[in-house]
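*Asks:* Pasting the sequence and the predicted model now:
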Amino acid sequence: MILLFFILFLYFIKCYANNQTIINNNTIYLFDNFEMSVENLKNHSTTSLCKIMNYSIYNDFAELKSPYSSPKCFPMYINNYVHIVNGFIKYKYYNPLISCKYQCNYQDGESKILMGSWIDINKSKPDCDVFEVQCKTTLWPNFLVFKDLYLHVAKQEKKPEKVTFLKDSYKINTNNKKYNVHLIILDSISYYSALRGLKNTINYLENEYSGVTFKIHNKIGSNSQPNGHGFLLNRRISPLHNFLDIEKSKISDYEVIGKTGCNEYLDNEPFIAKYYRQLNYTVLSGEDFLQTIFTSHECKGFNYTYAHHSTRPYVLRMYNKKYPDNELFSRLHNSKCKGNLKYQFEYLEEFIKIYNNSKQFTFTWITNIAHEHLTGHYEYDNYLKTFFKSNKKLFDNGFLILMSDHGFRLGSYRKTKIGTFEDKNPFLLISSPKDLRNNNSEVLKNLKINSNKHTSHFDIYATMLDILTEGGNTNFKNMSYFNFTNIIKNDKIKGTSLLREINNERTCYQMEITSEYCLCREEFIKYNRTSNDLILNDGNTTNTSDVIVKKLKKNFIDTINKQLEKGNITKYCKIMEEKINGEFELKYYYTNNKNILFYLKQEVLPKGLFEAYINEDGEIISSTIERLDRYGPYAEQCVPNNPYKKFCYCKQQGSQQPINILTKANTDLGNLFKKFQEDTKSFFKKLFPISL
C-alpha cells in the first residue's frame, strides 16, 4: 500500500512538472509572438498629426434632454431666539426664562477646529466667522431649547506680512490701483456643458461684464486634485508623457524635490493665495465638500490657516463625525434650503461688501452641484445670473475667473467620444474690471484673442500672478509677453498669462500637459480583425487567438490588481478579473519615433470599466489608470478615504454590523430615559417653542 501511494505521488509530481513546462512554454510563446506581432503591426502603420476636434453642443444623450433636478426643498427652519445684526448676536424677544450662549469655532489648518469658550450673548460680537449658539431654560433642569451653527464674516484687522516670493531686484509699485481677484470653481463642468446648462449666466457675463469664454481650455490632470495643484500652486503632480515621442518624459514636480505632494504639508509650496496675502490682500476661501482640494485622498494639505476668512469650520462641523452634533447641524442647514451653493455665495457676497475698501482675493470651490450629475448645474443658471447681476457693482472692481477643474468624468456619458473630449475641456470665463472693459483695453483685446487659442490651467496661475505683479505695476498697459520666472524666487512658471497675447503655437508637452489629457489628439486606429489579418498575412506570425489582445488584457488586469497592493487594501477588496464578452476596446497609434502605442478600455469583474495607454512592451505609461464607471457605492463601504479606492470592489457589500446584546440593552435603557425626558420637556413646550 505504501509503495502504491509512493508511485502515485511520483506520477503526480511528473504531471505537475509537465503541466508547468507547458504553461511556461505557452507564456514564452505568447510573449515572443507578441513582440513579433507588434513589429509586424508597425510595418502596416503610418504616423498622423494631432488634431483638436469640434463637436456639436447638443447631442441625443438622454440626460441632456431631461436635465437633472434636485428634490424641491421646503424651508422648515424655526428660530425664535437669536439673530445677527451688524455682527452682533441679539435676542429676538426678551424672555427672562431663556438664556443663550455662543462658542467660536476657529479654523486650525485645513482639517481641524479650535473651540473657544462659551460666552453669554448679551449683545456679543463674535470675533470668528463660525460659531455655535445654545439656548437653555433658566429654571432647573435647564433644558436645551435651541441650538444652531452660524456662518458670517467677522471683519479682522490684518497684520503686514513679509514678502518672500519675489526676487529682491523686483519692486511692486504700491501707488498703482490694485484690483480684486474672485476665483470661482464649479466642479466637473466642461465648456460644452456650460454652454448648455449656464446659458443665461454666460450671456449676462459676456454682455454686462465683458466676460470672455475660452473654447479650447485643457485640464492638466485626472481629477480635481492635480488640476487644483496646477492653477493654484503651479505644480504638476502627474508625470509628463509625450505620445509623439515616448522617449520624452518628465517626473512629477514633487518627485524632483523628493516629495509626493500628498504625504507632506504644502505650507512651503508656491500657493497663489499666499502670495496675494503677502501683498496685503484679504483672503477668503470657501469649499462645500468635507475634503478640500488639498486634503482629498488622505493628503495632508496645509498645516497653517492660509485664509483670513473661511467656511471650513462650518463644513467640518456639518460633515466630520469627530465633531459633536454634525448630523444635527447638517439637518438644520438643510432645513434652511440653502443647499451647497447658496450659503457659500451669501458668505462671498458678505465678504466683498464688508471689505469693499480693501484688496480682496477670494477662492470659492463648489463641488456638489455637478460632480454626480451631468446636468446638475442647469437648475442653478438663473440663481447665478441673478447673483452676478445684483452684485455687479461689487465685481466691477476686480477680475472674475469663473471656471471648472475638468469636465464630467463618470458614467455612460464619459464613455462617448464627446464625453471623453469634454472631460479634458473644462469651462473657463474671465472678466476684467470695469476700468479695463473699454475698446482701448489691451487686456480685453488679448483675452478675446487667447479665447480661441489652446490654453491650460497653468495659464490661469500665470494670469493671477500677472494681476498681482507686472500687470498691476504697469497699470495693465504694454501687455506684451513677460517671463514671470525672472521675478519669482525658486520657481519656473509653466504657463503664459492670458492677459497677454499668446503668439506661438504650443504643444501639450511644451504646456506640460501629459498626452493622455491633451485635447489635440493623434488618430488612434481601432485594433480589430482587419489588424490581426494584416499581421497574419505577413507570414511570420501564427494565429494564437491574437497574442496582442491576450497579453495586453493580462498585463492590464494584473496592473489593476497591483494597485490594490499599493493601497494596502487587498484584505477589503476583491481581485479583478476579465469579464468574458464584456466591454473591450483596443486602439493603436504609430508614433514619430516608430513605436506602437496602445489605448485599451476593459470591463472587469466583479465590477469596473477602466482605460489606460500602454507601450509596445505591454507596460502602462499613463499617468493614471482611469475608471469610467461609478464606483463610490461599491468601494466607499470599506475604503472610503483610500487614494486607491477606485480599484476596489468591497468583499462585503451592504453588510450591517451585528447588534451586540449589551448594546441593545443600553439602547433600550436609553430609550426609557429619553421617554422620561420627553415627558418632562412637554411641560416646557407650553412655555417655550422648541427649535431642535
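*Replies:* Yep, it's here. Numbering: from 1, shown residues only.
*Asks:* from here on, contacts and neighbour counts on C-alpha atoms
*Replies:* Noted.
*Asks:* which residue packs closest to Leu609, ignoring adjacent ones?
*Replies:* Glu603 (4.4 Å; C-alpha to C-alpha, 6 or more residues apart in numbering).
*Asks:* so who does the one you found touch?
*Replies:* Glu578, Lys579, Gly582, Glu583, Phe584, Leu609, Phe610 (C-alpha atoms under 8 Å, 6 or more residues apart in numbering).
*Asks:* Phi and psi next, for it.
*Replies:* phi -90, psi 140 (degrees, to the nearest 10).
*Asks:* do Lys123 as well
*Replies:* Dihedral pair for Lys123: phi 60, psi 40, per degrees, to the nearest 10.
*Asks:* Am I right that it is in contact with Ile89?
*Replies:* Yes - applying C-alpha atoms under 8 Å as the test, Lys123 and Ile89 come out as touching, 5.4 Å apart.
*Asks:* how much space is there between Gln344 and Gly286?
*Replies:* Separation of Gln344 from Gly286 (C-alpha to C-alpha, to the nearest Å): 6 Å.
*Asks:* er, Tyr77 actually
*Replies:* From Tyr77 to Gly286 the distance is 23 Å (C-alpha to C-alpha).
*Asks:* So the two - more neighbours on which side?
*Replies:* Per other C-alpha atoms under 10 Å, whichever of Tyr77 and Gly286 has more neighbours is Gly286, with 24 against 14.
*Asks:* Count the residues that sit near Glu516.
*Replies:* Counted with other C-alpha under 10 Å, Glu516 comes out at 24.
*Asks:* no wait, Lys155
*Replies:* Lys155, neighbours per other C-alpha under 10 Å, totals 16.
*Asks:* give me phi/psi at the residue lying closest to it once chain neighbours are set aside?
*Replies:* The shortest distance from Lys155 to any non-neighbouring residue, by C-alpha to C-alpha, 6+ apart, is to Ile354 (7.1 Å). As for Ile354, its main-chain torsions (degrees, to the nearest 10) stand at phi -70, psi -40.
*Asks:* One more: Ile460?
*Replies:* phi -70, psi -40.
*Asks:* separation between the nearest residue to it once chain neighbours are set aside and Lys125?
*Replies:* In space, and not counting its chain neighbours, Ile460 is closest to Phe231: 5.6 Å by C-alpha to C-alpha, 6+ apart. Using C-alpha to C-alpha, Phe231 is found at 37 Å from Lys125.
*Asks:* Ok, Lys219 next?
*Replies:* For Lys219, the distance to Lys125 - C-alpha to C-alpha - is 44 Å.
*Asks:* hang on, the earlier thing: for the residue nearest to Leu609, give me the pLDDT.
*Replies:* Among the per-residue scores, Glu603 holds a pLDDT of 97.
*Asks:* Low-confidence regions, the protein specifically.
*Replies:* 1-32, 529-545, 655-692 (pLDDT under 70).
*Asks:* For the residue nearest to the spatial centre of it, give me its contacts.
*Replies:* The residue lying closest to the centre of the chain (C-alpha atoms, centre = their mean) is Ser224, at 2.3 Å. Applying C-alpha under 8 Å, 6+ apart to Ser224 gives the contacts Asp187, Ile293, Asp405, His406.
*Asks:* Next, count neighbours for the residue nearest to Phe408 when sequence neighbours are not counted.
*Replies:* With C-alpha to C-alpha, 6+ apart as the criterion, Phe408 has its nearest non-adjacent residue at 4.8 Å, and that residue is Ser188. A count of nearby residues for Ser188, using other C-alpha under 10 Å, gives 33.
*Asks:* Any figure for the gap between Ser188 and Leu410?
*Replies:* Per C-alpha to C-alpha, Ser188 is found 10 Å from Leu410.
*Asks:* again, but for Val145
*Replies:* On the measure of C-alpha to C-alpha, Val145 and Leu410 end up 44 Å apart.
*Asks:* cool, Thr367 as well?
*Replies:* 14 Å.
*Asks:* Show me the beta-bridge partners of Phe598.
*Replies:* Note on Phe598: beta-bridge partners by DSSP bridges are Tyr588, Ile614.
*Asks:* Around it, how many other residues sit close by?
*Replies:* Counted with other C-alpha under 10 Å, Phe598 comes out at 24.
*Asks:* before we move on, what about Leu600?
*Replies:* Using other C-alpha under 10 Å: Leu600 sits among 21 other residues.
*Asks:* Can you name the residues that contact it?
*Replies:* With C-alpha under 8 Å, 6+ apart, Leu600 has these contacts: Phe584, Glu585, Leu586, Lys587, Glu611, Ala612, Tyr613, Ile614.
*Asks:* if you set the cut-off to 7 Å instead, what comes out?
*Replies:* Glu585, Leu586, Lys587, Glu611, Ala612, Tyr613 (C-alpha atoms under 7 Å, 6 or more residues apart in numbering).
*Asks:* count of residues packed around the fourth one?
*Replies:* Looking back up the chat, that one is Glu611. Neighbours of Glu611 using other C-alpha under 10 Å come to 20.
*Asks:* Look at it and give its secondary structure.
*Replies:* For Glu611, the assignment made with DSSP: H, G, I helix; E, B strand; the rest coil gives strand.
*Asks:* Phi first, then psi, for the closest residue to it other than its chain neighbours.
*Replies:* With sequence-adjacent residues excluded and distances taken as C-alpha to C-alpha, 6+ apart, Glu611 is closest to Lys601, at 4.3 Å. Dihedral pair for Lys601: phi -120, psi 130, per degrees, to the nearest 10.
*Asks:* same thing with Lys90?
*Replies:* The phi/psi pair for Lys90 (degrees, to the nearest 10) is phi -130, psi 150.
*Asks:* Quick check: Ile119 is in a strand.
*Replies:* Yes - Ile119 forms part of a strand when assessed by three-state DSSP.
*Asks:* Would you check that Tyr106 makes contact with Ile113?
*Replies:* Yes - taking contacts as C-alpha atoms under 7 Å, Tyr106 lies within contact range of Ile113: 5.5 Å.
*Asks:* Comparing these two, which shows the higher neighbour count?
*Replies:* Per other C-alpha under 10 Å, whichever of Tyr106 and Ile113 has more neighbours is Tyr106, with 22 against 18.
*Asks:* Nearest residue to the more buried one in space, please, no chain neighbours.
*Replies:* Leu114 (5.0 Å).
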